[in-house]
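Student: Kindly generate the corresponding structure for this input.
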Amino acid sequence: MKTIKDLHLFSINTLKENNEILSPKKDAEILMCYVLNMSRPDLYLNYDREIDDLKIKEINEVINKRKSLIPVAYITKKIDFYDYEFMIEEGVFIPRKETEVLIDIVIKHLFFKNIYWFLDLGTGCGAILCSLLKIFKESYGIGIDKCLKALSIAQKNGEILKIDNRIKWVCSDWFNGINENIKFDCIVANPPYVASFSLLQKEVKEFEPLSALISKDSGLFDIKIILRELKRYLRKGGIFIAEIAEYNTDRILAMVRDDFSNYNIEKDLAGRDRFLKIIL
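Tutor: Numbering: from 1, shown residues only. As a prediction, this is how the structure comes out:
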């Protein structure tokens, strides 16, 4: 019989056959841990353990799915974001690791013991809003998305994390579904900002929802709408943070210069311009 080590090395080599897969070792680890229901350390601690034929078949199936460029998160139906695990399904945008910096920016600005109202524009699976409400334990939030499937997954994530009593999910196109009398302490957004289909990786093009990624007007269409309405919904002293494309930094700064006085661009962990921050 084959051991975990045998299958792991075979899986890595199988994924390496597709040059589009950038992290074959990591992907193989995640998928094997998923099938074998064990942690990454346990995978290596049990490296010499033999695997039965049924599990070998299951591992080969998920590895071949990944080889065909189906994202790992869509195979396992889960994604880690910040300190939490979220459900995810095909058709719902997969939150990226670099977006976690947005949470850190919010934490630097707000006080843990205070009660805040958050608004998450384009919430997707709810990763950003749910993470914030787990951190700010007395606060409340509204998650907006125009995709009903995304909202269904977000709602389930809120229930799993036991914060569903502090969240409302709204199907809307940006601010359209929000009462104008409500003012938020913090508004976060990860809107579509990719300027062109050609800029996307092949697996993203083939499997992820393009409506959550690509924006007209060179990637600026959606952020323009959000900025135009922002003052009506953000309270005085409130903070707004949006993820942006580095190549649009100058154009975005030109857009905010006339309407806002306290703003700056924050960088991601790789040192790239990634977030627009505005304090009203």
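Student: confidence score at residue 125?
Tutor: pLDDT recorded at residue 125 is 97.
Student: What's the local residue count around it?
Tutor: Neighbour count for residue 125, taken as other CB atoms under 10 Å: 30. Every C-beta, even on glycine, is put in place using the N, C-alpha and C of the backbone.
Student: and it, helix, strand or coil?
Tutor: coil (DSSP: H, G, I helix; E, B strand; the rest coil).
Student: Give me the phi and psi for it.
Tutor: Per-residue torsions, residue 125: phi -80, psi 0 (degrees, to the nearest 10).
Student: which ones are touching it?
Tutor: Applying CB atoms under 8 Å, 6 or more residues apart in numbering to residue 125 gives the contacts 79, 86-88, 92-95, 150, 153-154, 157.
Student: okay, the closest residue to it other than its chain neighbours: pLDDT?
Tutor: Using CB to CB, 6 or more residues apart in numbering and skipping residues adjacent in sequence, the residue nearest residue 125 is residue 153, 4.9 Å away. Residue 153 is assigned a predicted lDDT (pLDDT) of 98.
Student: My read is that residue 56 contacts residue 7, right?
Tutor: Yes - under the criterion of CB atoms under 8 Å, residue 56 is in contact with residue 7, at a separation of 6.5 Å.
Student: of these two, who's got more company?
Tutor: Using other CB under 10 Å as the criterion, residue 56 and residue 7 rank with residue 7 on top: 20 against 17.
Student: list the contacts for the more buried one?
Tutor: Counted by CB under 8 Å, 6+ apart, residue 7 has contacts 32, 51, 56, 59.
Student: Off-centre distance for stretch 207-217?
Tutor: Relative to the chain's own centre, stretch 207-217 is displaced by 14 Å; criterion: CA atoms, centre = their mean, to the nearest Å.
Student: Going by length in residues, pull out the top helix of the chain.
Tutor: helix 53-67 (DSSP state H).
Student: For the helix or strand just after it, could you pull out the residues that count as buried?
Tutor: Next along the chain after helix 53-67, taking DSSP states H and E as the criterion, comes helix 72-76. By 16 or more other CB atoms under 10 Å, the buried positions in helix 72-76 come out as 72-75.
Student: now swap in stretch 224-242 and tell me
Tutor: Residues of stretch 224-242 classed as buried: 225-227, 230, 233-234, 238-242 (neighbour count, 16+ other CB under 10 Å).
Student: So which residues of the chain form strands?
Tutor: 78-81, 84-87, 117-121, 140-145, 167-171, 184-189, 234-243, 263-267, 273-279 (DSSP state E).
Student: From the contacts of residue 7, list the buried ones, please.
Tutor: 32, 51, 56, 59.
Student: among the residues you listed, which two are most distant?
Tutor: 32 and 56 (10.7 Å; CB to CB).
Student: before we move on, back to that, residues making contact with the longest helix of the chain?
Tutor: By CB under 8 Å, 6+ apart, helix 53-67 touches 1-2, 7, 11, 14-15, 17-18, 21, 27-28, 31-32, 34-36, 51, 72, 75.
Student: do the same with stretch 39-50
Tutor: 1-5, 8, 29, 32-33, 36, 38.
Student: Let me see the contact set for residue 193.
Tutor: Contact analysis of residue 193 by CB under 8 Å, 6+ apart lists 215, 219-220, 222-223, 243-245, 248.
Student: rounded to a whole number, what's the mean pLDDT of stretch 265-274?
Tutor: What stretch 265-274 shows for mean pLDDT is 93.
Student: Going by neighbour count, list what's buried in it.
Tutor: 265-266, 268, 273-274.
Student: now stretch 124-143
Tutor: For stretch 124-143, burial by neighbour count (16+ other CB under 10 Å) applies to 124-136, 139-143.
Student: Report the separation between residue 51 and residue 194.
Tutor: 40 Å (CB to CB, to the nearest Å).
Student: if we can go back for a sec, so which two of the buried residues of stretch 265-274 are the farthest from each other?
Tutor: 265 and 268 (10.7 Å).
Student: so what's in contact with those two at the same time?
Tutor: 274-275.
Student: Quick one: neighbours of residue 165, just the number.
Tutor: 8.
Student: What pLDDT does the model give it?
Tutor: With respect to pLDDT, residue 165 has a value of 96.
Student: re the thing from before, could I get the contacting residues of the residue nearest to residue 125?
Tutor: 87-89, 92, 125-126.
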